[in-house]
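[1] Structure for the following, please:
(one chain, ligands or ions: 1)
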Amino acid sequence: MSDEKLYPVTEAWKKRAFVDRAQYDEMYKASVEDPDGFWGEHGKRIDWIKPFTRVKNTSYDPHNVSIKWFEDGTLNVCANCVDRHLETRGDKVAIIWEGDDPDDHKHITYRELHAQVCRFANVLKANGVKKGDRVTIYMPMVPEAAYAMLACARIGAVHSVVFGGFSPDSLAGRIQDCDSKFVVTADEGVRGGRTIPLKANTDEALKKCAGGEKVLVVRRTGNDVPWDPSRDLWLHEETEKVSDDCPPEEMNAEDPLFILYTSGSTGKPKGVMHTSGGYLVYTSMTHQYVFDYHEDDIYWCTADVGWVTGHSYIVYGPLANGATTLIFEGVPNYPDASRFWQVVDKHKVNIFYTAPTAIRALMGAGDDYVKKTDRSSLTLLGTVGEPINPEAWEWYYHVVGEERSPIVDTWWQTETGGILISPLPGAIDQKPGSATLPFFGVQPALVDNEGNEIKGEGQGNLVMLDSWPGQMRTVYGDHDRFVQTYFSTYLGTYFTGDGCRRDADGYYWITGRVDDVINVSGHRMGTAEVESALVAHPKVSEAAVVGFPHDLKGQGIYCYVTLMAGEEPDEALTQELRQWVRKEIGPIASPDVIQYAPGLPKTRSGKIMRRILRKIAEDDFSNLGDTSTLADPSVVDNLVSNRQGGR
Ligand code: WT7
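    Numbering: from 1, shown residues only. Reported below is the predicted structural model:
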C-alpha cells in the first residue's frame, strides 16, 4: 500500500545482526519445508541430558489434537538457565534488579543465582513439594519471583504464576483450578510508592480454598502482616535450614513446566499449559534472533512475570541464553515519566521491550521527559501486547530511539509461548504498525468466516497451519476445551482469535480480537468475566460488556447494566459497581463506562446482540446492521439516546 511508510534495515544493522534478508528467506524456507531437519538442528541449542531422537510429532486433527516436540529427550530447564552458564559466565550478572525506589537496585550473578535457586528449591522440597505438584506464585517484581519459578523447574514442580494485581477471588479460582497446595507470596508488594497487600490477599483467597495449603512468604517491606504459624513460612527462615546443593531433576521434554491462566471468550480463565523442551528451545531462539541478542547486551523487558511475556522474555528465554536480564519493580511514571529512560541510562540498557499502552502514556506526558535523558546505550526497541498505532510507533522510533534503533513489533499470545510474527532487526524492513513476517517454522494463514483460505493480499481470521515448538499443549485439566477453543473453528488449523490483514508485500497487520476477548492496556480480558462479576452484585439483574476504542488503553471496558426491579441508578451506584468489579477481578478490570439500560437488545431466542452493543459503545450508529431479528427494537433507541461518553 502506498500510504504505508517503510523504514529499511540500515547498513549498520545488516552487518551486526545474526541474519540478513537473504539468510532469513533461506532459513524460513528450510524451517517450513523440513521442520524435522530445522528444529532437530536448532533443538541442540539447549543442553539435553538424554538427547532427543524424535523431533516433531503433532496433530491438529480435532479428533486427536496432540502436540509433542523432542518427545524422547530429557533435560532440566533450570539447569539450562543457570547451571550451564556457571563455567563460562559464573561472575556475569544474570539479573539486574531495579526497585520501585530509584535508589534501590542490586546485581545477581549467575553463581549467586545458582545458590539462591538451589536453596529455594530445597525449601520447596523440605516442605513437601514434589515433582508434578502445582505451586502458585503470587509475587511482586522481586528477584525471588524468578528464583521461585526456576526452583520449581529444578525439582519438576509446575508453577502457576498469578499476576500480583489480581484480587483474592481471582487468586482463589486459580489455586483451586489446578489444585495447588503451595503458594509463594510476599508480605507486600511495592509499586509507584504504594504497597500492595499480597499476603493479606493470599489469606483471603485461601479462605475459599480446600485447606491444607502452605504459604511461603518473602519479606519485601517488613511491615506487619497477619500470620498463621501452622501454615505460613518465612523464606528467610526456611533458607537457613537447607543447603545450597540441589541436583536438578531429569525431566522429559513433554513434562509440564508451567500453567498460566488466561482469559477466553467464554467461561473462567483457562490454564494454558506449557511443557519443557520445545518451550525452552523456542523462547531462547526467538529471544536471540528477534532481539538480536549478543553476549554483552543488557536486556530489559518491562512486563510483569505474572504474564507470559515475563515468563518467556524476562526469565526463560534470556536466562537460557546466558543474558543479563533486568527486573523492574516499579511503574513507568514513578517518580515521574522519565523513569524508564533513567533506568536505561543507569544500567546502560541496550535492548528495551515494552507495551504500546506504556508508549502512548509516556508520549502523552511530553517529549521533555525523554529528551532530558541520554539513552545512547539503546540499540533495539520492542513492543508487544496489542497493535501499536503508527503515531506511537513513530514517536517511539524518532523521539525515544533517535532513529538509531529498529523496532520489533512482536505478535504472539500466552498460548504460543513465544513470538510468532515479528521483524528480525537486521533482515526485515519495518512498516509502522505491522508485525511484519513470521518467525522460522511459523505458518500463518488468513481464512474467511467459512474457513476458506484467503491467499495474497486480504483480510480475515488469523490461523496457523502447523505447530511450532513453543505452542501450548493443553488446557490444564480440560483437553476438550483446548480442542474446542483452538482447533474446532477452522479445521486443521490453530485459531488465534485475532483478525489480520496481509498486504502486497506479505506483511501481517493484526487488527485485534475477533472474539469476545478485549485487550485493555495490553491485558487480556474476557467480557464474560466482567459480566459475571457485575451480575454477582445484588442490585444487578443483567449485564453485557464490550470493548471500545480508548486513546491510552487501546480498548476500554464498556458495561451495559440492567438493574433489579425497583433499583434506581445514580452516581453512587456507578462508583460502587466499579469498586465491585475491581474487588472481584482486580484493578485492571475496572469499568471505564457504565450505562444503565432498561433492556438489552436480544433476539427472540434471548441471545444478546453484542454487535449492536459494540457499535453503540464505539459511537458508530450509522451501521447498526440488521435489527429486524430483535425481540424489542425499541431498546436500541433507548441505548443510543443514553450512550455514555467514553474516551
Ligand atoms: C493477544 C494475546 C504475548 C504477550 C502479551 C499478550 C494481542 C499481542 C500483539 C502485537 C497486535 C498483539 C493479540 C493477541 N497482541 N501482541 N504485537 N500486535 N496485537 O499476551 O495476554 O495472551 O494476549 O494480544 O490480540 O491475541 P496475551
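[2] what's around the nearest residue to residue 67 once chain neighbours are set aside, how many residues?
    Distance criterion CB to CB, 6 or more residues apart in numbering; nearest residue to residue 67, sequence neighbours excluded, is residue 58 at 4.7 Å. C-beta coordinates here come from the backbone N, C-alpha and C atoms, glycine included. Other residues near residue 58 come to 18 when the count uses other CB atoms under 10 Å.
[3] Direction included, what does whichever strand or helix holds residue 58 pair against?
    Secondary structure assignment for residue 58, by DSSP states H and E: strand 56-59. Strand 56-59 sits in its sheet next to strand 66-69 (antiparallel), going by DSSP bridges.
[4] Quick one: distance of the next helix or strand along the chain from the strand it pairs with to the chain centre.
    Sequence order places strand 74-75 as the next helix or strand after strand 66-69, per DSSP H and E. Its chain's C-alpha centre and that of strand 74-75 lie 26 Å apart, by CA atoms, centre = their mean, to the nearest Å.
[5] Repeat that for stretch 343-355.
    Distance of stretch 343-355 from the chain centroid (CA atoms, centre = their mean) equals 19 Å.
[6] Convert the C-alpha atoms of it to CSV, please.
    These are the backbone C-alpha positions of stretch 343-355, laid out as CSV (Å, rounded to 0.1, in the frame of the first residue of the first chain):
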residue,chain,number,x,y,z
VAL,A,343,16.7,3.2,34.3
VAL,A,344,18.1,2.7,30.7
ASP,A,345,20.8,5.3,31.4
LYS,A,346,21.6,3.9,34.9
HIS,A,347,22.1,0.3,33.7
LYS,A,348,23.2,1.1,30.2
VAL,A,349,20.3,-0.9,28.7
ASN,A,350,20.8,-1.9,25.0
ILE,A,351,17.6,-3.8,24.3
PHE,A,352,14.3,-2.4,25.6
TYR,A,353,11.0,-4.2,25.3
THR,A,354,7.7,-2.7,26.4
ALA,A,355,4.0,-2.3,25.6
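[7] returning to that earlier point: outside of the strand holding residue 58, which residues touch it?
    35-36, 39, 65-69, 71, 466-467, 471 (CB atoms under 8 Å, 6 or more residues apart in numbering).
[8] let's go with 7 Å and repeat that
    For strand 56-59, the surrounding residues in contact (CB atoms under 7 Å, 6 or more residues apart in numbering) are 35-36, 39, 65-69, 71, 467.
[9] now the residue nearest to residue 67: how far from the ligand?
    21 Å (CB to the nearest ligand atom, to the nearest Å).
[10] Report the separation between the residue of the chain positioned farthest from its centre and residue 538.
    Centroid-distance maximum for the chain: residue 566 at 42.3 Å, with CA atoms, centre = their mean. To residue 538, residue 566 is 12 Å away according to CB to CB, to the nearest Å.
[11] Is the residue in the stretch 251-400 of the chain positioned nearest to the ligand within a helix or a strand, and which one?
    Residue of the stretch 251-400 of the chain nearest the ligand, by CB to the nearest ligand atom: residue 387 (4.0 Å). In the assignment (DSSP H and E), residue 387 maps to no helix and no strand.
[12] Quick check, pLDDT for it.
    pLDDT, residue 387: 94.
[13] burial measure for the spatially closest residue to it that is not a sequence neighbour, as a count.
    Closest residue in space to residue 387, ignoring its immediate chain neighbours: residue 510 at 5.2 Å, by CB to CB, 6+ apart. The tally of other residues near residue 510 (other CB under 10 Å) stands at 20.
[14] Repeat that for residue 254.
    Here the number of neighbours of residue 254 (other CB under 10 Å) works out to 19.
[15] Now it: closest residue in space, sequence neighbours ignored.
    What sits nearest to residue 254 in space, not counting adjacent residues and going by CB to CB, 6+ apart, is residue 275, at 4.9 Å.
[16] Tell me what the one you found is bridged to.
    residue 256.
[17] and what of residue 556?
    Beta-bridge pairing of residue 556 under DSSP bridges involves residue 548.
[18] was I right about it contacting residue 592?
    Yes: contact criterion CB atoms under 7 Å: residue 556 and residue 592 qualify, at 3.7 Å.
[19] These two: who's more crowded?
    residue 556 (22 against 19).
[20] For the stretch 51-200 of the chain, which residue gets nearest to the ligand?
    Closest contact between the stretch 51-200 of the chain and the ligand, by CB to the nearest ligand atom, is at residue 163 (10.5 Å).
[21] Check the secondary structure at that residue for me.
    Three-state assignment for residue 163 (DSSP: H, G, I helix; E, B strand; the rest coil): coil.
[22] could you pull out the helices for the stretch 451-600 of the chain?
    Assigned by DSSP state H, counting those that start in this stretch, the helices in the stretch 451-600 of the chain fall at 479-487, 527-535, 571-584.
[23] among these, which is the most enclosed?
    helix 527-535 (a mean of 21; mean count of other CB atoms under 10 Å).
[24] Any residue of it touching the ligand?
    No: judged by CB under 6 Å from any ligand atom, helix 527-535 stays clear of the ligand, getting no closer than 13.3 Å.
[25] quick revisit: just the buried residues out of the contacts of strand 56-59, in ChimeraX syntax.
    Filtering the contacts of strand 56-59 down to the buried ones (16 or more other CB atoms under 10 Å) takes a single ChimeraX command:
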select :35,39,65,67,68,69,71,467
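[26] So which of the contacts of strand 56-59 is the closest to residue 550?
    residue 467 (34.8 Å; CB to CB).
[27] hang on, isn't the closest one packed against residue 66?
    No: with contacts counted by CB under 7 Å, residue 467 stays clear of residue 66, the gap being 9.8 Å.
[28] Double-check that residue 28 belongs to a helix.
    Yes: according to three-state DSSP, residue 28 belongs to a helix.
[29] Now do the contacts for it.
    residue 440 are the contacts of residue 28 under CB under 7 Å, 6+ apart.
[30] quick one: pLDDT of it?
    Listed pLDDT for residue 28 reads 98.
[31] try the one 3 residues further on
    We note a pLDDT of 98 for residue 31 in this prediction.
[32] ok, then the element right after the longest helix along the chain?
    In the chain, taking DSSP state H as the definition, the longest helix is helix 110-126. Helices and strands here follow DSSP H and E; after helix 110-126, the next one along the chain is strand 134-138.
[33] Give the buried residues for the following helix or strand past that next one.
    Using DSSP H and E, the next helix or strand after strand 134-138 towards the C-terminus is helix 143-155. Using 16+ other CB under 10 Å as the test for burial, helix 143-155 gives 143-155.
[34] do the same with stretch 622-634
    Of the residues in stretch 622-634, those buried under the neighbour-count criterion (16+ other CB under 10 Å) are 624, 630.
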